[in-house]
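Colleague: Next one to model:
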Amino acid sequence: MPTRVIKGGTKITMRFGNMVIPGILNDSETAKALIARLPYTVHVSRYSHDFCGVMNNPLPYSESNVHYGWQNGDIDFARDANYFTILFEDENKSEQYGHQINIGVIDCELSRIGSLQGSYDVLICLVK
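Modeller: Prediction:
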């Protein structure tokens with residue numbers, strides 16, 4: 001399961017083809033800006049420790065929320081290239097990656113997203 005725990009928050013789903021990955025967005029300015037855009041589709045590709053894709057329009061953020069590294073299961077916005085990213089591995093080596101703004105977590109076993117390969121047009125929706 002993800003390392004970070006969010007109490008409350010806004011429940012979402014992320015559809016990777018036939019696989020639905022549940023998530024919870026936090027109450028940050030950045031997460032609220034994404035929520036306002038939902039439903040939203042972003043094209044992501046699998047890399048060694050994440051799925052990542054460029055958002056057409058950047059999300060707003062506060063400098064105080066920018067940090068290095070992540071926790072496994074984090075959903076982040078990376079401001080250096082307007083990346084929407086879902087990080088599922090390598091938490092222990094992540095401190096070398098900056099520009100991270102946490103906006104939530106996936107809400108399932110990490111192996112579900114870790115088993116996916118390739119690229120997807122991911123549809124992000126609110127849970128009703």
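
Colleague: Only C-alpha atoms from now on, for both contacts and neighbour counts.
Modeller: Noted.

Colleague: got the contact list for the strand or helix carrying Val122?
Modeller: Secondary structure assignment for Val122, by DSSP states H and E: strand 119-126. The contact list for strand 119-126, computed with Cα atoms under 8 Å, 6 or more residues apart in numbering, reads 10-17, 35, 38-46.

Colleague: If we use 7 Å, what do you get?
Modeller: Contacts to strand 119-126, defined as Cα atoms under 7 Å, 6 or more residues apart in numbering, come from residues 11-17, 38-46.

Colleague: Can you tell me the strand partners of that strand and which way each runs?
Modeller: Sheet pairing of strand 119-126 (DSSP bridges) gives strand 10-16 (antiparallel), strand 40-46 (antiparallel).

Colleague: Tell me the buried residues in it?
Modeller: In terms of neighbour count (16 or more other Cα atoms under 10 Å), strand 119-126 has its buried residues at 119-126.

Colleague: between those residues, which is nearest Ile75?
Modeller: Ile124 (12.0 Å; Cα to Cα).

Colleague: tell me the mean pLDDT over the strand holding Val122?
Modeller: The pLDDT scores in strand 119-126 average 98.

Colleague: How far away from the center of its chain is it?
Modeller: Here strand 119-126 is found 11 Å from its chain centre; the criterion is Cα atoms, centre = their mean, to the nearest Å.

Colleague: just stretch 14-27 next, same as before
Modeller: 9 Å.

Colleague: again, but for stretch 26-43
Modeller: Distance, centroid of stretch 26-43 to centroid of chain: 10 Å (Cα atoms, centre = their mean).

Colleague: Now do the end-to-end distance for it.
Modeller: 22 Å (Cα to Cα, to the nearest Å).

Colleague: returning to what we had before: need the strands paired with strand 119-126 in JSON lines (columns: mean neighbour count, mean pLDDT and distance to Gln96).
Modeller: Output for these, formatted as JSON lines (neighbours: other Cα atoms under 10 Å; pLDDT from 0 to 100; distance: least, Cα to Cα, whole Å):
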{"stretch": "strand 10-16", "mean neighbour count": "19", "mean pLDDT": "98", "distance to Gln96": "27"}
{"stretch": "strand 40-46", "mean neighbour count": "18", "mean pLDDT": "98", "distance to Gln96": "19"}
